[in-house]
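Chemist: Sequence unavailable; structure follows:
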């Protein structure tokens, strides 16, 4: 098999393709011949050496794959062999062959391509948890989506619009036309505009019922202030800690300094009638049955044409460094994939 390794902490060029013997499935596992792997910002932070959940470097990153099962271990139904599947992987997803527990696989719906399949798990499960499960977004409410052009941002927009909510998104001006076509109602150029002031203008000063933020730091302060009464702030990343392409102690210190510790204390939350919550799909491994339920609902929405992953670009394994550059240079509108 061929895998992409993080050989050391550093810029995208530290990614290297290596070969190894094919793995054999253990009891309760299936082996997947991978057709596409998803690239996520957690992989980028892991490459930089600032993602705490990642195993020690050198390591093969990757949280999601799509492909075909070609072998099953003891205790797994033989009917899985030959089936097209989507899988969550606890690292190791940058590969052309992988073994995963059968509980972490999902039958790929008929008609869904391997590329679409690899674009769903992390982005859409995260968006579903943020908006439906914990954010409780309702018809007529407004959600502010940071990084609206990213995979989670587009997934969140599609789900929010299905619920009948209004979507305000932040993105660079060059992405606005395409994001409007994808359903975002109002857009803010985060590079030249103050998103707090613009959000208040869009809502006639009231604020929003839900904010989705993977930036962190100073951004959270403004998010909290822009929440309407009963508003909820959903945090699912800290991309502000990865402002460059290599680890920066100064950047991490700035992130911590920007966290609104005072506002997030219980008394302040009670007095403001606001809520703050966090989402990390990588810590949901003990909730696989629940995630299977989310998958069923999302696949049903896909079959109806309500959700549709947008693929920004796909890169060959040998182009893994370019894939990471592509995301960090903020060129993507939608999901970035690796294809063996």
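Modeler: Structure received. Because the structure is predicted, anything quoted here is derived from the model rather than measured. Numbering: from 1, shown residues only.
Chemist: C-alpha from now on. contacts and neighbour counts both.
Modeler: OK.
Chemist: which helices and strands sit right next to whichever strand or helix holds residue 34?
Modeler: Assessed by DSSP states H and E, residue 34 sits inside strand 29-39. On a contact count with 3 or more C-alpha pairs under 8 Å, 6 or more residues apart in numbering; DSSP states H and E, strand 29-39 meets strand 64-72, strand 97-101, helix 114-118, strand 335-339.
Chemist: in the helix or strand following that strand, what counts as buried?
Modeler: Downstream of strand 29-39, the next assigned helix or strand under DSSP H and E is helix 41-48. By neighbour count with 16 or more other C-alpha atoms under 10 Å, helix 41-48 contains the buried residues 41, 42, 43, 44, 45, 46, 47, 48.
Chemist: same deal with stretch 310-324?
Modeler: 310-315, 317, 319-324.
Chemist: Now, these that are in strands?
Modeler: Using DSSP state E, 311, 312, 313, 314, 315 are the members of these that sit in strands.
Chemist: Show me the shaky parts of this structure.
Modeler: Judged by pLDDT under 70, the chain has its weakly predicted residues at 250, 252.
Chemist: Select the longest helix from it.
Modeler: helix 288-303 (DSSP state H).
Chemist: what does that helix rub up against?
Modeler: By C-alpha atoms under 8 Å, 6 or more residues apart in numbering, the list of residues contacting helix 288-303 from outside reads 103, 104, 106, 109, 124, 125, 128, 307, 308.
Chemist: One more: stretch 275-286?
Modeler: The contact list for stretch 275-286, computed with C-alpha under 8 Å, 6+ apart, reads 90, 122, 125-126, 129-130, 134, 230-237, 264, 269.
Chemist: picking that back up, list just the nearest of the contacts of helix 288-303 to residue 12.
Modeler: residue 124 (25.5 Å; C-alpha to C-alpha).
Chemist: ok, that closest one - how many residues close by?
Modeler: 25 (other C-alpha atoms under 10 Å).
Chemist: The chain should start at 466 in everything you say after this.
Modeler: All right, first residue 466 from here; so that's residue 589.
Chemist: quick one: secondary structure of it?
Modeler: Assigned with DSSP: H, G, I helix; E, B strand; the rest coil, residue 589 falls in the helix class.
Chemist: so who does the closest residue to residue 712 other than its chain neighbours touch?
Modeler: Using C-alpha to C-alpha, 6 or more residues apart in numbering and skipping residues adjacent in sequence, the residue nearest residue 712 is residue 513, 5.4 Å away. Listed by C-alpha under 8 Å, 6+ apart, the contact set of residue 513 reads 474, 475, 476, 707, 710, 711, 712.
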